[in-house]
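*Asks:* quick one, structure for this:
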Amino acid sequence: MGVVRRKSGLFHCSVLVALFLSLLCVAAARAEESFGKERLAVVSGDGKRHEFSAELALTPEQRAQGLMNRRLMAPDQGMLFAFGETRLVMMWMKNTYLPLDMLFIDKSGIIKTIKEDAEPLSEAIISSNVPVAYVLELNAGTVRTHAIVPGDRVDSPFIRNAGP
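*Replies:* As a prediction, the model looks like this:
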């Protein structure tokens, strides 16, 4: 009977450990922010439209999380960061595994500056260099593939509804 109790005690201990680990996983999943989505387009000077599905990082918590810890992103996806004001914006790639192109956008949707191929996992500061209201992050190489340049416009329902 002593052996059965020890096995029973080990079994209960194992169950408790498994339960604890499950709860940790649930808590970690809840700590991840969820993002709204919208369809937007980058419109070049000659009128060509490049369509993307963008997650919206609107709150401080969503902006802090951004694309951190993600390993994959579809070619037609991205994330639009909205800062609620026009200001100099500083970004970094800490805990971000995806190389990204960053489009720094003014309140009317005009791309002011671009950072191509931001280095994954880097803590180097990436500055907008000019005051902006939004940043659109896309997979690295998207800017080159679609010949996106400063002066192009981001046609976004969120930006249109935020108004100038």
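*Asks:* in the protein, which helix or strand is least confident?
*Replies:* Averaged element by element with mean pLDDT, DSSP states H and E, the chain has its least confident helix or strand at helix 2-31 (a mean of 45).
*Asks:* so where do the strands sit in the chain?
*Replies:* In the chain, the strands defined using DSSP state E lie at 36-43, 49-57, 77-87, 90-91, 100-105, 111-118, 126-127, 132-139, 153-155.
*Asks:* check which helices and strands the last one is in contact with.
*Replies:* Strand 153-155 is packed against strand 36-43, with contacts defined by 3 or more C-beta pairs under 8 Å, 6 or more residues apart in numbering; DSSP states H and E. Where C-beta positions appear, they are placed from N, C-alpha and C, glycine not excepted.
*Asks:* what is the strand it packs on packed up against?
*Replies:* strand 49-57, strand 153-155, helix 157-162.
*Asks:* need the strands of the chain in CSV (columns: distance to Gln65, mean pLDDT and mean neighbour count).
*Replies:* Shown next, in CSV, are those (distance: least, C-beta to C-beta, whole Å; pLDDT from 0 to 100; neighbours: other C-beta atoms under 10 Å):
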stretch, distance to Gln65, mean pLDDT, mean neighbour count
strand 36-43, 14, 98, 16
strand 49-57, 7, 98, 18
strand 77-87, 10, 97, 18
strand 90-91, 13, 97, 15
strand 100-105, 14, 98, 26
strand 111-118, 17, 98, 18
strand 126-127, 17, 98, 16
strand 132-139, 12, 98, 25
strand 153-155, 21, 98, 19
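*Asks:* redo those as TSV? Include distance to Arg71.
*Replies:* Putting the strands of the chain into TSV (distance: least, C-beta to C-beta, whole Å) gives the following:
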stretch	distance to Arg71
strand 36-43	19
strand 49-57	16
strand 77-87	13
strand 90-91	19
strand 100-105	13
strand 111-118	16
strand 126-127	21
strand 132-139	12
strand 153-155	26
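*Asks:* let me see the domain layout of this structure.
*Replies:* For the chain, the structural domains run 1-31, 35-162, going by automatic domain parsing.
*Asks:* from the chain's centroid, how far away is the longest one?
*Replies:* By that I understand domain 35-162. Centroid separation for domain 35-162 versus its chain: 8 Å, with C-alpha atoms, centre = their mean, to the nearest Å.
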